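> need coordinates for the following:
(2 chains)
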There are 2 protein chains.
Amino acid sequence: MLGLMQDWQLTVDKILDHANASFPRREVVTRSVEGPISRTTYGNIYRRAKQVSNALRERGIKPGDRVATLAWNTERHLEAWYGAMGMGAVLHTVNPRLFPDQIAWIINHAEDKILFFDTTFAPIIEKIAPQLKTVTTYVALTDRDHLPKGTVPHFVAYEDFIHGHAQDAQWGGFDENTACGLCYTSGTTGDPKGVLYSHRSNLLQAMAANQSDVFGCGANDTVLPVVPMFHANAWAIAFVAPMCGAKLVMPGAKLDGPSVYELLETEKVTFTAAVPTVWLMLLNHLRETNSKLTTLKRVAIGGSAVPEAVLRAFEDDYGVEVIHAWGMTEMSPIGTIGKMLPESYAADRETQIKTKLKQGRAMFTVEMKIIDDAGVEKPHDGKAFGRLVVKGPSVARAYFKNAGARNEKGECLEADGYFDTGDVATIDPLGYMQITDRAKDVIKSGGEWISSIDIENFAVGAEGVACAAVIGVAHPKWDERPLLIIEPKPGAQPTRDQVLKYLDGKIAKWWMPDDVVLVEKIPLGATGKINKLALREQFKDYTLPSAQAAE
Amino acid sequence: MLGLMQDWQLTVDKILDHANASFPRREVVTRSVEGPISRTTYGNIYRRAKQVSNALRERGIKPGDRVATLAWNTERHLEAWYGAMGMGAVLHTVNPRLFPDQIAWIINHAEDKILFFDTTFAPIIEKIAPQLKTVTTYVALTDRDHLPKGTVPHFVAYEDFIHGHAQDAQWGGFDENTACGLCYTSGTTGDPKGVLYSHRSNLLQAMAANQSDVFGCGANDTVLPVVPMFHANAWAIAFVAPMCGAKLVMPGAKLDGPSVYELLETEKVTFTAAVPTVWLMLLNHLRETNSKLTTLKRVAIGGSAVPEAVLRAFEDDYGVEVIHAWGMTEMSPIGTIGKMLPESYAADRETQIKTKLKQGRAMFTVEMKIIDDAGVEKPHDGKAFGRLVVKGPSVARAYFKNAGARNEKGECLEADGYFDTGDVATIDPLGYMQITDRAKDVIKSGGEWISSIDIENFAVGAEGVACAAVIGVAHPKWDERPLLIIEPKPGAQPTRDQVLKYLDGKIAKWWMPDDVVLVEKIPLGATGKINKLALREQFKDYTLPSAQAAE
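Okay, the predicted model is just below:
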């Protein structure tokens, strides 16, 4: 028997409808790419987003067509976002930080028809336009006076693009499972894979993200998403803020310490969100200028683990609560959130710090578990680690065009319907999850797992060690055994025995590396992390002494 | 094109799943019907709710079957609630405050198969059992020692009912639109009508209710729903609290001032919710005992308008924020919420009070508008009033068994899909809605509407007036014109001219009553409100002087 409640489809246009009906005069402030601070309202954005829909329709865009943006967080980006989604097109946010060839590949793969871009990125557009097979119109997110002088045909200024179009347009009216957004993940291997969000997945993500214990924003908040809209929907903030009527402050192209600080203070921001790198820049600026944060209450930090120094600085020096968040593009993106339980508030400060450095607890709508290779759940004791797999209405089921398919339905899921995050994690008795390794970096020795990161964290403490990496190397008896690779400090020459002796007692006996080798330089990836792929390639034929003994 | 996200059905069993996974040790405290305070946890409730599912299945209950409760807010009621809903049965909360014959009518109409009841209500059960046609088992929510000695066959103690059943059971796995709960509204006319909630409507209601600007509860809150679970899902709190991990305090049968106060203080409650009557009792107790509220931060008040004295007492005398809420059983039930906007916080205290006495602003997922008889929207100027109609995923589309159907599909909706609340309201420029009248009490004069309540509010200020009621009386030219009915103060004899002169200048000229009559006693309904139905009946043949003149 079905219930007898109304059929109200969960489409994201209803978010801006609500903002227009309930908060039409709430401000949206942008540091424009052209320079000046620009001020508008949700009411204006609503009407101009409708103009975008009409302009897109006039250019032949139909429901399901992909419309790309290569853009900073600005009011115009928000208009294009809702204008495209509202009419049933798919808004594809392209990450401008990728190499131009990757950008071109992604746009071609997505078959984007219209490309909105900030003038900052005009040089990229000029470079890749000849390669783009499907884009028919390039819309520079500016007015005619600021239109870049380019050689690309079909350049049009955004203000001209929407000019004269009606400020009303039909939105929604389609199934809530209709595709709404597209965002590519750039894995370390293989081609980028597109995550195809639905209206439903995005709307539920926003409602979940705005629960009191997640972001907890309301109409009295002023929210600054430094995290870009091309970075997994700005962690849902482009949906959350209009949903709750928060004043929205958009940083445009300037994400440096002084620029972010200026907006935080002049606009009286109460909640902000970004990756640790942004906060390191801000904290440096605060220290250099001896400045204070006078209105900021909460800062969400994700993208990579919160460094302890950043946590302590925000909370202890500046009185700002840190909300450690973890997620993935495939999770829309929020998975866990570091808001503390009463048990944690009651603990001493050092325990609190340890808790806050974990990735947090599953927010409602996210189911998670840690499993071994056989799929058996590991206990939530904060020690046992396993592959972290997740489930929920905002978690990907498949990638665009079946990339990375793992079954005949084209899905990227485990047999029991969970999505494998590729991370290895622990979950403690209170539910706080901590990432301990990437799954591919874990060393599998005799069916048991050894955390490469745990050994590395201890090994860098040994005398003369500048950098340490642990990888699994083939072993005839144990399948894999750990090899510790060390980059010595200049002039130092730590020996195998010295290092192993140092590790003795710090890690389990059976975790002890079977060998230690010194290298001149441990290779790092683009993001500054150890490039284990390169190390594994380099040492793929390495024979451990223990392997010879076993044979 | 559809998105590629996971199919995760919005069923309410996932709420208790989440509580069990994330907050298994969070307390649920009950003032038991037997007397003592009882303490359990979400983990225990989860396991015992699974036992309920298994016990129901054993008794032949199938998905879609109705299972009734006639019960206070207790841990056992919560177990029965999730146990029935989780397995796909429909949990029918029966209001024990109705007359026994009405209760019997409702249970027969719902075709309830099993009836869980608190021992408090054993006399009602004994009285109505012979009339009940479908109930096969009566489960007293207690243990064998407290089982009432009754003459009804098939009485079983709850603890015996669930004893020995497995603590695991399959939950969910069905469509999110599956019926989940049933609650009857008792209108002033006609038979009660059943609202058939779906899993989806309840889950979305709970997520909406827990947005920061609605109830805004989190894991660090302790929540006391004085509002009963049989009163429109305890305003979603039976879902909200386990969803966010709040400690839950259940008041059982004792809703008087001293009992509620004791729980608020001993359990350190931070958020509570109930109708004004409950708070009048609490405030009296506080004054009589010169007590303070030391932990309570927020109180949600709904069911009827918040009296100004209650608002001022909570906020000014006891430092507790009042959240004025408005809704209906047909809205699951929350529609609007009185959390203030920045503009209101910036206003002076008397303006704030006026704002807080309004019914509040539409929460996300609720669309509302005020319309005239032709369906044309009225402006949001805080003055124009119109019929309040609403839309949303948690708003009823039809009543159980097509009661009150208004079209051939059996729906109870307007032509444009909105549900007519039966209220007349204004909406001000900031979006605060205020109920001004019941639609049936509005006087329709020459196509324009006159608010009976507005005139009454002024008329009671005239000398010698104890009580005033305004009804519409037939008029040959204007269709209806207002008749003012006055109950004089003892010994007073106010005249028509005196009263009309007093009203002159206070209300619009064309609102001026066409006549004034004195009555000995204005009839009141069961809830203390003026019984306009009786007045309209009494004066249905009344001829206004102006009507004679017009003829």
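
> mind giving me the domain ranges of chain A?
Per the record's domain assignment (automatic domain parsing), chain A is made up of the domains A:8-200, A:441-550.

> compare those domains and report which one is nearest to residue A:284.
The stretch from these with the least distance to residue A:284 (Cβ to Cβ) is domain A:441-550; that distance is 16.8 Å. Quick note: C-beta positions are derived from backbone N, CA and C, even for glycine.

> among the domains of chain A, which is nearest chain B?
Nearest to chain B among these is domain A:8-200; the distance by Cβ to the nearest Cβ comes to 2.6 Å.

> span of that closest one from start to end?
Taking Cα to Cα, to the nearest Å, domain A:8-200 runs 11 Å from one end to the other.

> cool, stretch A:481-500 as well?
The first and final residues of stretch A:481-500 sit 15 Å from each other (Cα to Cα).

> quick check: the residue of the stretch 351-500 of chain A nearest chain B.
Proximity to chain B, evaluated over the stretch 351-500 of chain A using Cβ to the nearest Cβ, is greatest for residue A:393 at 3.9 Å.

> got phi/psi on that residue?
Dihedral angles of residue A:393 (phi, psi; degrees, to the nearest 10) stand at phi -70, psi -10.

> got the residues of the stretch 301-450 of chain A near chain B?
When proximity is defined as Cβ under 8 Å from any Cβ of the partner chain, the stretch 301-450 of chain A approaches chain B at A:332, A:339-342, A:345, A:361-362, A:364-365, A:367, A:391-400, A:413, A:417, A:419, A:431.

> the stretch 101-250 of chain A now?
A:175, A:177-180, A:195-201, A:204, A:207-208, A:210-213, A:216-220, A:243-245.

> just the buried members of these?
A residue is treated as buried here by neighbour count (16 or more other Cβ atoms under 10 Å in any protein chain shown); on that basis the buried members of these are A:177-180, A:195-201, A:204, A:207-208, A:210-213, A:216-220, A:243-245.

> first-to-last residue distance for stretch A:254-270?
Using Cα to Cα, the end-to-end distance of stretch A:254-270 comes out at 19 Å.

> coming back round to it: the residue of the stretch 351-500 of chain A closest to chain B is in contact with residue A:200, isn't it?
Yes - taking contact to mean Cβ atoms under 8 Å, the distance of 6.7 Å between residue A:393 and residue A:200 places them in contact.

> which neighbours do these two share?
Shared contacts of residue A:393 and residue A:200 (Cβ atoms under 8 Å, 6 or more residues apart in numbering or on different chains): residue B:5.

> circling back to that earlier point, tell me which of the buried ones among the residues of the stretch 101-250 of chain A next to chain B fall in helices.
Judged by DSSP state H, those include A:199-201, A:204, A:207-208, A:243-244 as members of helices.

> columns pLDDT on top of the residues you listed, output as TSV?
Converted to TSV, these look like this (pLDDT from 0 to 100):
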residue	pLDDT
A:199	98
A:200	98
A:201	98
A:204	98
A:207	98
A:208	98
A:243	98
A:244	98
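
> and those as JSON lines, adding distance to residue B:25?
As requested, these are exported to JSON lines (distance: Cβ to Cβ, whole Å):
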{"residue": "A:199", "distance to residue B:25": "37"}
{"residue": "A:200", "distance to residue B:25": "33"}
{"residue": "A:201", "distance to residue B:25": "31"}
{"residue": "A:204", "distance to residue B:25": "27"}
{"residue": "A:207", "distance to residue B:25": "27"}
{"residue": "A:208", "distance to residue B:25": "23"}
{"residue": "A:243", "distance to residue B:25": "32"}
{"residue": "A:244", "distance to residue B:25": "31"}
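
> related to what we said a few turns ago, most tightly surrounded among the domains of chain A?
Of all the domains of chain A, domain A:8-200 carries the top mean neighbour count, a mean of 20, counting by mean count of other Cβ atoms under 10 Å in any protein chain shown.

> tell me the contacts of residue A:331?
Applying Cβ under 8 Å, 6+ apart, we find residue A:331 in contact with A:366, A:390, A:392, A:394-396, A:419.

> before we move on, the earlier item: next one: the closest residue to the residue of the stretch 351-500 of chain A closest to chain B other than its chain neighbours from residue B:197, what distance?
Counting by Cβ to Cβ, 6 or more residues apart in numbering or on different chains, residue A:393 lies nearest to residue B:8, which is 3.9 Å off, once chain neighbours are set aside. Taking Cβ to Cβ, to the nearest Å as the criterion, residue B:8 is separated from residue B:197 by 19 Å.

> ok, residue A:368 next?
Plainly put, residue A:368 is 29 Å away from residue B:197 if you go by Cβ to Cβ.

> which of the domains of chain A comes out lowest on mean pLDDT?
Ranked by mean pLDDT, the domains of chain A bottom out at domain A:441-550, with a mean of 90.

> quick one: distance of it to the chain centre.
In terms of Cα atoms, centre = their mean, to the nearest Å, the centre of domain A:441-550 is found 29 Å from the chain centre.

> before we move on, what about stretch A:417-428?
16 Å.

> likewise for stretch A:44-55?
Relative to its chain's centre, stretch A:44-55 lies at 28 Å (Cα atoms, centre = their mean).
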